[in-house]
Structure formats: structure tokens, C-alpha cells
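# Generate a structure from the sequence data that follows.
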Amino acid sequence: MFEGYASWSRITRALHPLRYERLPQRRTFQLSHGIRPMDVSWSAVVKLARSNAERVAVWSLVLLIVAGVGLGWYVTNPLSGSDASLATVRANENVSLSDHDGTYALEPTDVEPKAGFVFYPGAHVSPDAYLASLAPLVSQADIAVYVPRMPLGFAVFDPGAANNVVAGHPNIDRWFVGGHSLGGVMACRYASKHRSRVEGLVLFASYCEADVTPNVPTLSVTGSADTVLNRKKYAARRRNLPANVTVVEIQGMNHSEFGSYTGQRGDQPAPIGYRTAHDRLADVIVPWTENRLTQPPSPHIRESYLTAKNRLLIHEIRAGYVARGRAG
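Residues are numbered from 1 along each chain as shown. Predicted coordinates for the structure are as follows:
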């Protein structure tokens, strides 16, 4: 009987997570780390709590470091333009490519630009991804194109990026703004707040926010093979655009082909290649912008197109008339 009890005790001690011990005059349970629930002291509880808190703190620190490294890698590795697309732009004798403080500039080589175009990149997309698709505006329409680099790769952190570009080129009187995807959303916001400066708005696979109405001439371009654009929101936000908005859908074009990059999450392969997509895009944006430039500026923005030099000249002429009137 006693031997059977001893055997059973050995079995329970081996299987149970709590170690059963026979102590003088009483039996108690002892946890594997040595704390007895029946004889727990306050110092032991504090010690255990402190030990658990230290473990949580260490693991939290590890997770923060991993998250920080991942975010840093994500921010510093945007979706960039292909080497072939950049080589094509550099080989174009009619286009001058430069980079000023993170803003890529495409400018006509032999003539003064007729207008300027500030383009906002899509989320996590490098500015160089749009150089090939926008170069026809320079070579065919003599429009200077500027693509600024956005903070952390998101235009939402600098929707007023066009201000610095416009201020840095006082020789250009007429300006377009535009953007791709999230960049287009921010360009629309900019146009709505600077109607006296914006000649026209160009949206690539994009739409305006619910409470934004740009009220400027607008071109909206989408691709039939785009699986990233939220079609439901795009249709709902159509009412934010002017009644005479020009809407064009390019057959066979997907989301990434508005630029020259790959790796766009959710984008499906397109039935047409990048060069074909860019040619079809040029056939839309070049005539539209040229048509806008053949028309005089709207009355409410005409004054803003005068450069500082022209304003000074007008001031001098008016002053001369006043002086002559007094002399006579």
C-alpha cells in the first residue's frame, strides 16, 4: 500500500507542472521557480512582477527596433523609374534633365518654356518614375515639367510643394498642376486653394477629396486595366470636378504605366507595354495642354500671370501718365 502510494507520488510529480513536496508537518505546492502560493511574501510578488515587466519592456523594444528598421527601409526604397526609361529621357536632345534639391526638372533645351507643370508623384513612388511619361510635354509642347520629391514619399505631407517651384521660376507665367493617384488628390487640393495661379489640373488615376472643388479646367485620365484605382470613389467624386472636365480612359493601361516603375501592390499586368502606354498618354495630355495655352487666361487669374518685371513696367507707365498729366 505504501509502495503504491510512493509510486503514484513520483508519477504526479513528473507530470504535474507544480512540484509536490512533503514537508515537515504539512504539504504544500511549490511552483517551478520556487515560490509557494501558500507562503507567498510581498517581496516575492514584487520580484515576479518586476521580472515580467522587464521581459515585456525588452520585447517591446525589440519590436520597435524591427518596426523602425522596416519603416526606414520602406521610406528609403520607393518605387523608382526603370533604367531604360531614364536613358530614353537623357537621350532626348529636346529635353534638358536636371535635379535641384530633390525636384526633377524637364525643360526645353532651345526655347523658353510656354508654361510650367508641377506634378505630384503617387504614394511611395520616386519622382524619376514619371520623367519618361511626362517628357512629351517638354519635347512636343515646350512646357517645363517639375516633379518634386515628397517628404517620406507621400504628397499628403507637403500639398503645397508647388509653391516653391513656382516661386523659383518667375520667368514662367502660366502653370499647370497635376498628380498620380494620391499625388493627384493633393494636386487637386492645391488647385482649389490657388485658383488665381493654376491654369489647369491634370489627374492620372486619381480624384479629388470629398470637400474639394478645384473649379479650374481639368483633365482626368484613367487606364482600363487599372486594378488599383478605387472605381467607386472615382465615380462618386466626379461631381467635385468642373462640368466641362475632360475625361479619357486609355485602353490597356494599368496603374503603374502612368509612370515607369514596377512593384505596385494590387496592380495587374497590362496588355500593353510602357512605351505604348506613354505614347497613348502623350496623345491625350499634349493636345489638351496646348489647347489651354491657345486660350487667354481667365479674368480672375490674368493679373497673377504678370511677372514682377511686367508689374514694374506697368507701374512705370502709369507713373509716367500721372507725371505728364500734372505737367500739362
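# Return the list of helices and strands in contact with the host helix or strand of A84.
Using DSSP states H and E, A84 falls within helix 83-90. For helix 83-90, the elements it packs on are strand 95-100, helix 131-141, judged by 3 or more CB pairs under 8 Å, 6 or more residues apart in numbering; DSSP states H and E. All C-beta atoms are positioned from the backbone trio N, CA, C, and that covers glycine.
# From S192, how far off is P242?
Applying CB to CB, to the nearest Å, the value for P242 to S192 is 11 Å.
# burial of L203, as a residue count?
By other CB atoms under 10 Å, 28 other residues sit near L203.
# Hmm, G179 and it touching each other?
Yes. Counting by CB atoms under 8 Å, L203 touches G179, with 7.0 Å between them.
# and for those two, which residues touch both?
187-188 (CB atoms under 8 Å, 6 or more residues apart in numbering).
# Please identify the most buried of the helices and strands packed on helix 83-90.
Burial of the helices and strands packed on helix 83-90 is given as mean neighbour count (mean count of other CB atoms under 10 Å); helix 131-141 ranks first at a mean of 23.
# Mind checking the pLDDT average for that helix?
Averaged across helix 131-141, pLDDT comes to 98.
# show me where pLDDT drops low in this protein?
Residues of the chain that meet the criterion pLDDT under 70 lie in 1-40, 59, 62, 66-77, 298-328.
# all helices for it, in order.
With DSSP state H, the ranges of helices along the chain come out as 2-15, 42-76, 83-90, 131-141, 162-167, 182-193, 231-236, 274-294, 299-302, 308-327.
# With respect to G263, which of the helices and strands packed on helix 83-90 lies nearest?
helix 131-141 (16.6 Å; CB to CB).
# Dump that closest one to CSV, restricted to CA.
Provided in CSV are the C-alpha atoms of helix 131-141 (Å, rounded to 0.1, in the frame of the first residue of the first chain):
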residue,chain,number,x,y,z
LEU,A,131,10.1,61.5,-66.3
ALA,A,132,9.5,59.3,-69.4
SER,A,133,5.7,59.7,-69.3
LEU,A,134,5.9,63.5,-68.9
ALA,A,135,8.8,64.2,-71.3
PRO,A,136,6.5,64.6,-74.3
LEU,A,137,5.1,67.8,-72.7
VAL,A,138,8.5,69.2,-73.0
SER,A,139,9.6,68.0,-76.4
GLN,A,140,6.2,68.5,-78.1
ALA,A,141,4.6,71.4,-76.3
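# surely L131 meets Y104?
Yes. Taking CB under 8 Å as the definition, L131 is a contact partner of Y104 at 6.2 Å.
# Show me whatever sits in contact with both of these two.
The overlap between the contact sets of L131 and Y104 (CB under 8 Å, 6+ apart) consists of 97, 147.
# now the strands: where do they sit in the stretch 101-250 of the chain?
103-108, 115-120, 143-148, 175-180, 198-204, 218-223, 246-250 (DSSP state E, counting those that start in this stretch).
# Can you point out the buried residues in stretch 112-122?
For stretch 112-122, burial by neighbour count (16 or more other CB atoms under 10 Å) applies to 113-122.
# Relative to V46, which of the residues you listed is nearest.
Among those, G122 lies closest to V46 (CB to CB), at 53.9 Å.
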